[in-house]
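Student: Test case, fold it:
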Amino acid sequence: MTSMASTKTQLLARWRAIEEEDDTGHGTIQPHRFQQLKEEWFADAFTYLISLPQESHIWCGSWDIMGPLLETFYNYFKDESDDSPLRRLWKRISMEMNQCIQCVCQHHQAKDMYSSEYEMSSIGPLLDVLRRLDEERVTQYLRNINHRISQGEYDAAQDNSEVVSVVYEVNFRPQLLPPLPNFISTHLSDEFYFQYFSSYC
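Tutor: Numbering: from 1, shown residues only. Alright, predicted model coming up:
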């Protein structure tokens, strides 16, 4: 077993133990110790995911670690350091979601799991943060790709997978966009739709 695979196995085993302890109501350890174990796991999970090679998409290959780590995004907008593990991780998974439909699906499935398994009164603030991040990510990407198209910098061979991914996401989760007619007239050109649909005609 490689070092990275061994680390992942250990992280998953530790998280299962944390979940089991949580299910029993912290019956075997003190609450402060339970919180400490979670924080240590989060720190090690950040290190593991950020260290993965660039060709290994986080949501594709490590969804079982990334899913629990979404809990830490409660504090995203309180974290002012651009180089913090939290912001570095979001930057990376954002880039990967711009290129990969499977990453998009895993990301939204994890959010759906949080919605279904936790009371909205407790999980609502986290989902609000994640929704805001997704809206900003998708909107900024659409602006960027539209700018490249309008400037004649769009490369269909190189950029097509990115366009497919973002168009899939906004169709899959239309709530990520503001009212569509206004958004289209403000940010997207006719060339965007021509370039997208011409890839399939």
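Student: sec struct for the closest residue in space to Asp79 that isn't next to it in sequence, please.
Tutor: Leaving out its chain neighbours, the residue that sits closest to Asp79 by C-beta to C-beta, 6 or more residues apart in numbering is Leu86, at 5.2 Å. From N, CA and C alone the C-beta is placed, and that goes for glycine too. Using DSSP: H, G, I helix; E, B strand; the rest coil, the secondary structure recorded for Leu86 is helix.
Student: ok, now how distant is Leu86 from Tyr154?
Tutor: 32 Å (C-beta to C-beta, to the nearest Å).
Student: Helices of this structure, residue ranges please.
Tutor: 3-23, 31-51, 58-61, 63-69, 85-97, 101-117, 120-150, 156-172, 180-187, 190-198 (DSSP state H).
Student: could these go into CSV alongside distance to Tyr76?
Tutor: Below are the helices of the chain laid out as CSV (distance: least, C-beta to C-beta, whole Å):
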stretch, distance to Tyr76
helix 3-23, 21
helix 31-51, 13
helix 58-61, 16
helix 63-69, 12
helix 85-97, 6
helix 101-117, 14
helix 120-150, 6
helix 156-172, 19
helix 180-187, 24
helix 190-198, 29
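Student: Just send those back as a markdown table, with mean neighbour count and mean pLDDT too.
Tutor: Shown next, in a markdown table, are the helices of the chain (neighbours: other C-beta atoms under 10 Å; pLDDT from 0 to 100):
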| stretch | mean neighbour count | mean pLDDT |
| --- | --- | --- |
| helix 3-23 | 13 | 89 |
| helix 31-51 | 15 | 93 |
| helix 58-61 | 19 | 97 |
| helix 63-69 | 19 | 97 |
| helix 85-97 | 18 | 96 |
| helix 101-117 | 16 | 95 |
| helix 120-150 | 16 | 90 |
| helix 156-172 | 15 | 80 |
| helix 180-187 | 12 | 47 |
| helix 190-198 | 14 | 50 |
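Student: mind checking which of the ones you listed is nearest Asn75?
Tutor: Closest to Asn75 of the helices of the chain is helix 85-97 (C-beta to C-beta; 7.1 Å).
Student: Which strands or helices does the closest one pack on?
Tutor: helix 31-51, helix 58-61, helix 101-117, helix 120-150 (3 or more C-beta pairs under 8 Å, 6 or more residues apart in numbering; DSSP states H and E).
Student: what about the shortest one, distance to the chain center?
Tutor: Just to be clear, that refers to helix 58-61. Distance of helix 58-61 from the chain centroid (C-alpha atoms, centre = their mean, to the nearest Å) equals 10 Å.
Student: What is it packed up against?
Tutor: Against helix 58-61 (3+ C-beta pairs under 8 Å, 6+ apart) you get helix 85-97, helix 101-117.
Student: could the ones you listed go into JSON lines alongside distance to Arg148?
Tutor: Shown next, in JSON lines, are the helices and strands packed on helix 58-61 (distance: least, C-beta to C-beta, whole Å):
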{"stretch": "helix 85-97", "distance to Arg148": "16"}
{"stretch": "helix 101-117", "distance to Arg148": "20"}
